[in-house]
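[1] Whatever this is, show me its structure:
(chains A, B, C and D)
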Protein chains: 4
Amino acid sequence: MTTHYFSPTHYHITLGSHTPVLEIADGNTVITTTIDANGYDAQNQRVSADPNPQTGPFFIQGAEPGDTLVVHLERITPNREYGWSRASVASNVVDPSFVPQLPPRDKAEWRVDGEMETATLVSPKTKLGEFVVPIKPMLGCFGVAPYDGQAISTATSAQHGGNMDYNGFVAGVTVYFPVFVSGALFYLGDGHAAQGDGEMVGTGIEISMDVQFTVRVLKNKKINQVRGENDEYIFTVGNARPLDQATQHATTEMLRWLQDDYGLDAVSASILFGQCVEYNLGNMFDPAYTMVCKIPKRYLKGFTRQIQSPISSL
Amino acid sequence: MTTHYFSPTHYHITLGSHTPVLEIADGNTVITTTIDANGYDAQNQRVSADPNPQTGPFFIQGAEPGDTLVVHLERITPNREYGWSRASVASNVVDPSFVPQLPPRDKAEWRVDGEMETATLVSPKTKLGEFVVPIKPMLGCFGVAPYDGQAISTATSAQHGGNMDYNGFVAGVTVYFPVFVSGALFYLGDGHAAQGDGEMVGTGIEISMDVQFTVRVLKNKKINQVRGENDEYIFTVGNARPLDQATQHATTEMLRWLQDDYGLDAVSASILFGQCVEYNLGNMFDPAYTMVCKIPKRYLKGFTRQIQSPISSL
Amino acid sequence: MTTHYFSPTHYHITLGSHTPVLEIADGNTVITTTIDANGYDAQNQRVSADPNPQTGPFFIQGAEPGDTLVVHLERITPNREYGWSRASVASNVVDPSFVPQLPPRDKAEWRVDGEMETATLVSPKTKLGEFVVPIKPMLGCFGVAPYDGQAISTATSAQHGGNMDYNGFVAGVTVYFPVFVSGALFYLGDGHAAQGDGEMVGTGIEISMDVQFTVRVLKNKKINQVRGENDEYIFTVGNARPLDQATQHATTEMLRWLQDDYGLDAVSASILFGQCVEYNLGNMFDPAYTMVCKIPKRYLKGFTRQIQSPISSL
Amino acid sequence: MTTHYFSPTHYHITLGSHTPVLEIADGNTVITTTIDANGYDAQNQRVSADPNPQTGPFFIQGAEPGDTLVVHLERITPNREYGWSRASVASNVVDPSFVPQLPPRDKAEWRVDGEMETATLVSPKTKLGEFVVPIKPMLGCFGVAPYDGQAISTATSAQHGGNMDYNGFVAGVTVYFPVFVSGALFYLGDGHAAQGDGEMVGTGIEISMDVQFTVRVLKNKKINQVRGENDEYIFTVGNARPLDQATQHATTEMLRWLQDDYGLDAVSASILFGQCVEYNLGNMFDPAYTMVCKIPKRYLKGFTRQIQSPISSL
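    Numbers count the residues shown, from 1 in each chain, chains lettered A, B, ... in the order given. Got it, this is the predicted structure:
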């Protein structure tokens, strides 16, 4: 297996059909870096405009519209100590009459200790005292070039991925994207050292990252929304506003997955859904919200999965 | 401590200012039964109209408008073998264009084994084969009489509780309700042997239950939405449609809780929120949807809680 | 035709199965009064709790569940000079980040001149100077007892009507309500001398009214949502939150109406809809929002209407 | 005043920073053509991919980010006889449980008579018989290049305009767009001979058009959403999903307009709003819905408008 070491020199704030920075083959691994949501790198130097500047795009050979791009996230590690977040809950996630009681949208600063796997609040001084949270590094914004030649802001998300801000996108997860253009054009950025459900303050602990990932292409496999899996779950991702529609997208995509790949009929899939489904709130801050629909793999053991994750076969 | 054994003879399909079936004191325990969502009892005999007929109301001495009623759920145990659910995902939780692909709203039947703590699908025959899920018995619909003399259908939910269909309402949980009328008038029913997140088929595994609970009254403690806690979390419950508003209600109520009882200011509460909050989807089927906002107790250890759960002091 | 003169002595703040104040026959006319949203009468004396205290209920002989109650609004006339409104746009109708820029929820006072058919702003003094608007008297909240023995707050609305706050409910309009209980139990109140679309400040110009209406019963005619008609339009009313669902309710009910009573098939009704439908925003302030779907009668002239408005036959 | 006659040779299905087809000066008039939503021209020949292929972009000299582009729509005239629409109400605008009752998404065909100003249904044969509607030609999709180098599909809309599908965008209307890139880059297309409110079948009567418009630039005038005016109204346009947010955008923008340009304070603007505002439903079909907030000009006569429409001064 080939591994590419890629050191980015410029970044993108749209996911679109930009000139690839690297062409890689099906099965290749990339080791690279991402900068933080405001465009600051590992040395905390500003090297790009915001929001959520992306490393890439990577052109994946053989990926064509109608295929599925598989991205296995192998490593997401903060590569500096300094992290930041917002220090107020966002105005759109509280009752409208409560908005005047929210604090200003100031910054909080965190010291991230990669070895201890913790983030410690540095400022402001709050009633939380010495406040330490475990880190769980994730990618907030990543995806592929959208359809119809669009270039979509990294502030938002849709079927092509983008700014989903789901705290389940951690190392060890395999993500599936619909391919809309030749080469898929994969982008990544917006690392969070940690983030609560829903990204209710509008950020995680924003930080630059070292990232390693491996790509595969599923030929002639069409999916409608971003999908993923980890050791315990298969999951689908609905990106839309409001939450109702995000949930509808995720639910519909999971029903399709269960029927197309696991050979369940609509009734079987419904019964599985009724008792076993779980949902996670990705974000409720970005222009498109994100809801994640999960089925535990332990309920799927009895079924032949037509299309295995090709990552395991590497 | 007094324990009342109460055997219901009639049921209510609204939560309102109905004649109490029993008057109990602050600190009392009640051992009673509930019937299933369609009005069938432990012998699977129909004894009430639907939906979600309620046992009660229980008049709690000393509870007055502006107080909080505390209900500790001590036991929720299926008292028959027969459970049922719907066998199709509901039309409102999928993309509108996908609705024609949903199966009919038929019933599925389950055999619930209380000792093994499992539910086994009996019919229809599906591709799931021998399909067994662990049970996690919960109350789908319970609450108090609402404000302004209203009588609100047990099909829906609001600040008074009602048909929240949240699978976290299991034995061991303490629930807090705002009191709107003298005596609070507590009702309970709609047991589910198990239910996935969101109640996406419109039911859990519906069944009759043996229930034990203990009540307390927090005098002059006003809350705005249903709250709860278990060993790991404190949580707030937003009941509204759409999900966005349900989430706003739950989030606002948690911010109030953190500020009023834990002495956090708005910035401290926000920072805690940003990195530590979790959300659960209660239901996305009933007229009002339910979202639950949770803060892990491990992050709250350092703070003096003004008002302890009074259950522990019994 | 019998005309009843009814002078109310008490009022209700829920629509429910309360004791009728008067029993009237199919075809009867009632001349009565309503008090304002805060419970102040023609002498500006407080005679009831709020919100939106209702005159009634009127028991209509022969109306049974599954029938339709027809109410022809013949006269809605302010019976005092003093009107009031709120002086700030509500927090839920602006972007969340704009909420802190809204003024306090103070009262504005108006002098209503019934003869000139105008309302003049009395206080506060604003940059609007001498500000006069034409009046267009309407009922904000009226309806029938809901199903399942519910008693629903006059703050909100649903299939039974209630606090719809639609400025098209003026004299001359015929309104259709589904009947859920024997006698239908018709209520009315919450007069507005005028109101912009959407009730964006949370009130119209609130005032007490003299009202005259005539009732009819359509036997065995089941409708799902409130309907209405005036000289130019037939219309349907969706009461729900969010606006999307209110619009879905109104649209679905109009499709049913066109197909059931006008003999259009689904394609014909769709084509009519595509080019001829109009929508009005009733309110976007109350717990349930209101959207109104209208079809101009001029497009319906060629079709036999199975069930004529029975008002014209009186 | 210079008038440019521009005959398009290619079209765009995104609004983005594409190469201008023509550079024009502030005050210039353009006479050009647009093709229909599916890419068919005046000869009903397919000349572009869909959806909603756009003529343009026109580079307006002197327009810079932070300015406002003013477009006066002077003429929108169908340039062929053949129009088409969909023959079924869309699945997202009805109650989810009603979706299975909708007819297939077939095409309807219309004969548009520009002289008589009518459209006559040609097929399918329906119960509507000889069905003729007056035409009211409008542009469904037009706007400027969005911010951050985005290229956004002509299927949707946002602050830059796009596929708003509002039937009030007819000849005689002046439209204001925020400028995000040098030259603004104005696009237009997607003509409808007629369309009901909300575009509930997902189309108007789609047709190619002759269009004439004149542009002006308001230097250093920043607006947040699309605005417009006609003889009777000033209006603002909210493009977002769900309708609630579209309405919030439009309402907020109108409050800003009244305060910034008419010198009203927040209370005065609120009182005007409360009694005088009107709303129109643009579309409830596209990925972003459109709501329009209108204030009648008759209520604004007493106020000095800081920035007059510059169209009148040509």
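[2] From B:L243, how far out is whatever residue of the stretch 201-314 of chain A ends up closest to chain C?
    For the stretch 201-314 of chain A, the residue closest to chain C is A:P242, as judged by Cβ to the nearest Cβ, at 7.4 Å. From N, CA and C alone the C-beta is placed, and that goes for glycine too. When distances are taken as Cβ to Cβ, to the nearest Å, A:P242 and B:L243 turn out to be 7 Å apart.
[3] In terms of neighbours, single out the busier of these two.
    Neighbours were tallied for A:P242 and for B:L243 using other Cβ atoms under 10 Å in any protein chain shown; the higher tally belongs to B:L243 (27 against 23).
[4] Next up, the contacts around the residue of the stretch 201-314 of chain A closest to chain C.
    By Cβ atoms under 8 Å, 6 or more residues apart in numbering or on different chains, the residues touching A:P242 are A:Y289, B:P242, B:L243, B:D244, C:P242, D:R241, D:P242, D:D244, D:Q245.
[5] Apply 10 Å and report the result again.
    With contacts defined as Cβ atoms under 10 Å, 6 or more residues apart in numbering or on different chains, A:P242 is in contact with A:284, A:288-289, B:242-245, B:247, C:242, C:244, D:240-245.
[6] Okay, and A:N220 sits in which element?
    Secondary structure assigned from DSSP states H and E places A:N220 in neither a helix nor a strand.
[7] ok, now which ones touch it?
    Neighbour list for A:N220: A:E64, A:G66, A:D67, A:T68 [criterion: Cβ under 10 Å, 6+ apart].
[8] Distance check, A:F58 against chain B.
    The gap separating A:F58 from chain B is 31 Å, by Cβ to the nearest Cβ, to the nearest Å.
[9] how about that residue, secondary structure?
    In terms of secondary structure, A:F58 is strand; the call rests on DSSP: H, G, I helix; E, B strand; the rest coil.
[10] Give me the nearest residue to it, chain neighbours excluded.
    If the residues on either side of it in the chain are set aside, A:F58 comes closest to A:F186, at 4.6 Å by Cβ to Cβ, 6 or more residues apart in numbering or on different chains.
[11] Could you count how many residues lie near that neighbour?
    Applying the criterion other Cβ under 10 Å, we find 30 residues in the vicinity of A:F186.
[12] Hmm, A:N283 and A:G238 touching each other?
    No. With contacts defined as Cβ atoms under 10 Å, A:G238 does not count as touching A:N283, sitting 11.5 Å away.
[13] Identify the contacts common to the two.
    Both A:G238 and A:N283 are contacted by A:S157, A:M164, A:A246, A:Y289, A:T290, A:M291, under the criterion Cβ under 10 Å, 6+ apart.
[14] wait, which of the contacts of A:P242 is closest to D:F169?
    Out of the contacts of A:P242, the one with the shortest distance to D:F169 is D:A240. That distance is 17.7 Å, counting by Cβ to Cβ.
[15] D:T68 versus that closest one, what's the distance?
    Look at D:A240 and D:T68: by Cβ to Cβ, they are 20 Å apart.
[16] try A:R80
    Counting by Cβ to Cβ - A:R80 and D:T68 are separated by 42 Å.
[17] same thing with A:M200?
    Applying Cβ to Cβ to A:M200 and D:T68 gives a distance of 35 Å.
[18] again with A:E64
    In this structure, A:E64 and D:T68 are 42 Å apart, going by Cβ to Cβ.
[19] Of the two, give the one with the bigger neighbour count.
    Per other Cβ under 10 Å, whichever of A:E64 and D:T68 has more neighbours is D:T68, with 21 against 15.
[20] Identify, by residue count, the longest helix of chain A.
    In terms of residue count, the longest helix belonging to chain A (DSSP state H) is helix A:243-260.
[21] how about that helix: buried residues?
    Neighbour-count burial for helix A:243-260 flags A:243-259 (criterion: 16 or more other Cβ atoms under 10 Å in any protein chain shown).
[22] same check, this time on stretch A:229-238
    Buried residues in stretch A:229-238, counting neighbours by 16+ other Cβ under 10 Å, are found at A:E229, A:N230, A:Y233, A:I234, A:F235, A:T236, A:V237, A:G238.
[23] The fifth one and B:P137, how far apart?
    Read it as A:F235. A:F235 sits 26 Å away from B:P137, taking Cβ to Cβ as the criterion.
[24] again with the third one
    Summarising the geometry, the distance separating A:Y233 from B:P137, computed by Cβ to Cβ, is 24 Å.
[25] Against which helices or strands is the longest helix of chain A packed?
    Contacts defined by 3 or more Cβ pairs under 10 Å, 6 or more residues apart in numbering or on different chains; DSSP states H and E place helix A:243-260 against strand A:226-229, strand A:233-240, helix A:266-276, strand A:278-283, strand A:289-296, helix B:243-260, strand B:289-296, helix C:243-260.
[26] 7 Å instead?
    The helices and strands touching helix A:243-260, judged by 3 or more Cβ pairs under 7 Å, 6 or more residues apart in numbering or on different chains; DSSP states H and E, are strand A:233-240, helix A:266-276, strand A:289-296, helix B:243-260.
[27] now these as a markdown table including mean pLDDT?
    Below are the helices and strands packed on helix A:243-260 laid out as a markdown table (pLDDT from 0 to 100):
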| stretch | mean pLDDT |
| --- | --- |
| strand A:233-240 | 98 |
| helix A:266-276 | 96 |
| strand A:289-296 | 98 |
| helix B:243-260 | 97 |
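[28] hmm, back to that, assess the claim that the residue nearest to A:F58 and A:V70 are in contact.
    No. Using Cβ atoms under 7 Å, A:F186 and A:V70 do not qualify as a contacting pair, with a distance of 10.4 Å.
[29] and for the two, which residues touch both?
    Taking Cβ atoms under 7 Å, 6 or more residues apart in numbering or on different chains as the criterion, A:F186 and A:V70 both touch A:V215.
[30] Tell me how many other residues crowd A:G66.
    Residues within reach of A:G66, counting by other Cβ under 10 Å, total 13.
[31] and what of the one 10 residues further on?
    A total of 24 residues lie near A:I76 under the criterion other Cβ under 10 Å.
[32] tell me which element it falls in.
    strand A:68-78.
[33] So which elements touch the helix or strand that that strand is followed by?
    The first helix or strand that comes after strand A:68-78 along the chain, using DSSP H and E, is strand A:82-86. Packed against strand A:82-86, as judged by 3+ Cβ pairs under 7 Å, 6+ apart, are the following elements: strand A:107-113.
[34] tell me which strands and helices the strand it packs on is in contact with?
    Here strand A:107-113 touches strand A:82-86, strand A:118-123, going by 3+ Cβ pairs under 7 Å, 6+ apart.
[35] right, is the last one up against chain B?
    Yes. Looking at strand A:118-123 against chain B by Cβ under 7 Å from any Cβ of the partner chain, the contacts come from A:L121.
[36] still on that earlier bit, so how far is the strand holding A:I76 from its chain's centroid?
    9 Å (Cα atoms, centre = their mean, to the nearest Å).
[37] hmm, who's touching it?
    Looking at what lies outside strand A:68-78 - Cβ under 7 Å, 6+ apart - the contacts are A:60, A:63, A:112, A:114, A:137-139, A:144, A:169-179, A:184, A:186, A:191, A:193, A:207, A:209-218, A:221, A:223, A:309-311.
[38] Got a quick PyMOL command for the buried subset of those?
    In PyMOL, the members of these classed as buried (16+ other Cβ under 10 Å) are selected with the following command:
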select buried, chain A and resi 60+63+112+114+137+138+139+144+169+171+173+174+175+176+177+178+179+184+186+191+193+207+209+210+211+212+213+214+215+216+217+218+221+223+309+310+311
